[in-house]
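A.B. asks: predicted model follows, preceded by the sequence.
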Amino acid sequence: MSHGAKPADPTRRALARDAAEAIVLAEGAIAQSIDAGASAAGTTLPDGGHNAFGERLRVHPSLGAADGIGRVRRAAERVALGERLALMASTAELLSASAMMATMASQRLATVFHVLEPAGAEAALALSELGWGLLFASDVEESVDLTLVARRAAEDSGTPFLVVHDLAPVRRIEPLPPIDPAFALAFVGPAESRVRGMSDPGHPSHAQVGARAFAERVPFALASALRELEALTGRKRDVLTRSAAGQGADASLVLVGLGGLGDILLGEVPRLRAEGHDVGAVKLTAFRPFPGPRLVRLLARALSITVLEHTDAPLAQSNALTREVKSAFADALTWAPDYPGIGRLPRVCSGVAGAPSHDIEARDLEAIVRNMLAGDHGKRFFVLGGDASLDLERTRTEPRDAKASSVFHMRGLVRDGAVAEATAELVTVVIARVLALSVRASIRPLSPADGPGVAFDLAAGAERPRGVHVSPQLALLVIDDMTSLLRGNPLARLGRGATVAVPTHKASPEAVWGDMPPYAKTIVFDRDARVVGWEPEAGTEDEARWLLAAGIAGVALAAVAAPVDGRPRVDASLVEREVGDAVRELSGDATSDIGRRAGDAARRAFEASITVPRGLVERDEDAIRLGRKDARSAIA
């Protein structure tokens, strides 16, 4: 068997548009076969290719969306023969085969199944009692990392693992490094040296060890895989993550969430602390094995804890994660082995975060903090937006200084979903390449209050941004249609000192300003923002998509690389070259002149944005007076 696979180009960056593509990126490098089923519909599979070890990669034919039992049976047979297999399915498919999965755990078939859950990742907690390890990924990069970690831990411990990935309507896009063959060899190694068939005397099923004693290996195998991943990649992962030192590491109020929900909580902590709240957050990545002793050590000093979940179980004592947290504290209070001794219990509140497709808003978190500060008068259980909801209307979140955050937040507002996806892909790739920043983007349908169309939200920073959601303070807002300002209020989240970019064919900034409605002028003036105009280039339907994306990429680069001492940190020729190259790569069209035209469109948009000084337009007192009332009602 050949292991002379061609090394990956370290300068090339893959693009994972969602969790399914992230799984294929990782498993395509280390697995011998992939059973993707209907859950990965539309994902390009590496059929007929080879993995990072030079082994032939087999893609199993689909057995139908409803045949979960048949798919799990086929997977169990292949794993029992010593094959390194990855299966991708929904929670519903796997629940129909839960008895067979429990048998796989008792037979110690070390494999990895991926749960792609479109209805909220926590629905997969129904699979938590089958004897499998259970990890929750919060974004596309974590989907790649946890896929690798689960494979390593499963084969080290002889225990199968489930990795849960959220396929909510809000799509995540992120440039990722490809899996290098040298890394794959060092981290997991080829299957022939790691995986044994059940007929082999060395298979874990032949070990004369009880199930509980055997399960004690799992935490150590998982911890070892996480440490090795950090040593090889520099990306730190853990079974639980708490707020950094100085950001609520020992706070009196703590928010706890699982997977993507926990990531959003961690991302909101700096803002809440800046408002004077002694708040911290803890994100759990592993539900099985549950890190009870470590969790108690992190939460023991808290006065009040709120556990936030997506899934409600009204007939249970508590919801799933809340129940685990309370059980861990009960063991600690009764001095159970391995647990730290504690003398009191913090107040534990439980919240359900409404619909899984709805990102947590800033006012949601502020209402939760207010509820914890109320002490015994606060609600022990609540639903954000439900019958037992908190009082959200008392808090109106006003955008603050967009430059006060170390993370750059922008929003693009476009009419077409295909344009939003192309723009998000292009802008993330270009910013990562040109400025060497960590970039994450998400695509979401707009609410009626924000206007018609589709939005992509982007966060970029030296450190990898957490919890890409709708930021309360945007540094840049780009719209592709001026009429959007008349059918909603996309400026409501504009931060102080921010930039609004609008499409125009007019040459002067004064003419662009004249097209703005009065309420928009009021918001721009009150927040010391500025308006820049950029001219989209016409073309065929497919060309127009990339040319529009290129123009927005030029505006974004001008905003992210703000001038220092009057001189831009990025040269226009660099913008033209990088955007052109990226469009040729992403569009898959290297023969036409779309790359050249896109580069030219990006350069012109970049130059138009970088040269417009703040305060160029005179204050329009009549517009401010007429628009202030409309602006206040629109923001509210």
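C.D. replies: All right, it came through fine. Computed from a prediction, not measured in an experiment: that's the story for all the values here. Numbers count the residues shown, from 1 in each chain.
A.B. asks: all contacts plus neighbour counts: C-alpha atoms, from now on.
C.D. replies: OK.
A.B. asks: start and end of stretch 585-593, how far apart?
C.D. replies: One end of stretch 585-593 sits 13 Å from the other (C-alpha to C-alpha, to the nearest Å).
A.B. asks: any idea of the mean pLDDT in the strand or helix carrying residue 511?
C.D. replies: Per DSSP states H and E, residue 511 falls inside helix 509-514. Averaged across helix 509-514, the pLDDT comes to 74.
A.B. asks: elements contacting that helix?
C.D. replies: Applying 3 or more C-alpha pairs under 8 Å, 6 or more residues apart in numbering; DSSP states H and E, one finds that helix 509-514 contacts strand 530-534.
A.B. asks: give the next helix or strand downstream of the helix holding residue 511.
C.D. replies: Downstream of helix 509-514, the first helix or strand assigned by DSSP H and E is helix 518-526.
A.B. asks: mind checking how far that next one is from the chain centre?
C.D. replies: Relative to its chain's centre, helix 518-526 lies at 33 Å (C-alpha atoms, centre = their mean, to the nearest Å).
A.B. asks: helices or strands next to that helix in the packing?
C.D. replies: Against helix 518-526 (3+ C-alpha pairs under 8 Å, 6+ apart) you get helix 621-635.
A.B. asks: now the helix it packs on: average pLDDT?
C.D. replies: Helix 621-635 carries an average pLDDT of 47.
A.B. asks: same question, stretch 230-241
C.D. replies: 92.
A.B. asks: buried set for it?
C.D. replies: Burial within stretch 230-241, assessed by neighbour count using 16 or more other C-alpha atoms under 10 Å, is assigned to 237-241.
A.B. asks: what are the pairing partners of the helix or strand where residue 254 lies, and which direction each?
C.D. replies: Counting by DSSP H and E, the element that carries residue 254 is strand 253-258. Strand pairing for strand 253-258, determined by DSSP bridges: strand 279-284 (parallel), strand 304-309 (parallel).
A.B. asks: quick one: residues in contact with the last one.
C.D. replies: Around strand 304-309, the neighbours that count as contacts under C-alpha atoms under 8 Å, 6 or more residues apart in numbering are 122, 252-258, 261, 299, 319, 321-322, 346-353, 368, 372, 375.
A.B. asks: mind checking what helix or strand follows it in sequence?
C.D. replies: helix 320-333.
A.B. asks: list the helices and strands that following helix packs on?
C.D. replies: On the basis of 3+ C-alpha pairs under 8 Å, 6+ apart, helix 320-333 makes packing contacts with helix 292-299, strand 304-309.
A.B. asks: can you tell which of those is closest to residue 157?
C.D. replies: Shortest distance between residue 157 and the helices and strands packed on helix 320-333, using C-alpha to C-alpha, is found for helix 292-299: 19.8 Å.
A.B. asks: in the closest one, what counts as buried?
C.D. replies: In terms of neighbour count (16+ other C-alpha under 10 Å), helix 292-299 has its buried residues at 292-296, 298-299.
A.B. asks: check stretch 116-135 too.
C.D. replies: Those would be 116-125, 127, 130-135, for stretch 116-135 by 16+ other C-alpha under 10 Å.
A.B. asks: try stretch 172-186
C.D. replies: Quick answer for stretch 172-186 (16+ other C-alpha under 10 Å): 172-181, 184.
A.B. asks: how about JSON lines for those, with distance to residue 276 and pLDDT added?
C.D. replies: What follows is these, written out as JSON lines (distance: C-alpha to C-alpha, whole Å; pLDDT from 0 to 100):
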{"residue": "172", "distance to residue 276": "31", "pLDDT": "70"}
{"residue": "173", "distance to residue 276": "33", "pLDDT": "75"}
{"residue": "174", "distance to residue 276": "33", "pLDDT": "75"}
{"residue": "175", "distance to residue 276": "35", "pLDDT": "74"}
{"residue": "176", "distance to residue 276": "36", "pLDDT": "76"}
{"residue": "177", "distance to residue 276": "38", "pLDDT": "73"}
{"residue": "178", "distance to residue 276": "42", "pLDDT": "78"}
{"residue": "179", "distance to residue 276": "43", "pLDDT": "87"}
{"residue": "180", "distance to residue 276": "45", "pLDDT": "87"}
{"residue": "181", "distance to residue 276": "48", "pLDDT": "90"}
{"residue": "184", "distance to residue 276": "45", "pLDDT": "93"}
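A.B. asks: chain center to stretch 297-316: distance?
C.D. replies: How far stretch 297-316 lies from its chain's middle: 22 Å, per C-alpha atoms, centre = their mean.
A.B. asks: my bad, stretch 513-531
C.D. replies: 32 Å.
A.B. asks: just stretch 580-593 next, same as before
C.D. replies: Between the centre of stretch 580-593 and the centre of its chain there are 27 Å (C-alpha atoms, centre = their mean).
A.B. asks: burial count for the residue nearest to residue 538 when sequence neighbours are not counted?
C.D. replies: Distances taken as C-alpha to C-alpha, 6 or more residues apart in numbering place residue 544 nearest to residue 538, at 5.8 Å, with adjacent residues excluded. Applying other C-alpha atoms under 10 Å, we find 17 residues neighbouring residue 544.
A.B. asks: same question for residue 558.
C.D. replies: With other C-alpha under 10 Å as criterion, residue 558 counts 25.
A.B. asks: tell me the pLDDT of it.
C.D. replies: For residue 558, the pLDDT comes out at 89.
A.B. asks: show me the contacts for the spatially most central residue of the chain.
C.D. replies: The chain has residue 139 as the residue nearest its centroid, 3.2 Å off, counting by C-alpha atoms, centre = their mean. Shown in contact with residue 139 (C-alpha under 8 Å, 6+ apart): 19, 165, 172, 260.
A.B. asks: which one (most neighbours) among those?
C.D. replies: residue 165 (32 neighbours).
A.B. asks: ok, and what's touching the helix or strand hosting that one?
C.D. replies: Here residue 165 sits within strand 161-166, counting by DSSP H and E. Here strand 161-166 makes contact (C-alpha under 8 Å, 6+ apart) with 19, 110-121, 124, 132-139, 143, 146-147, 150-151, 154, 260.
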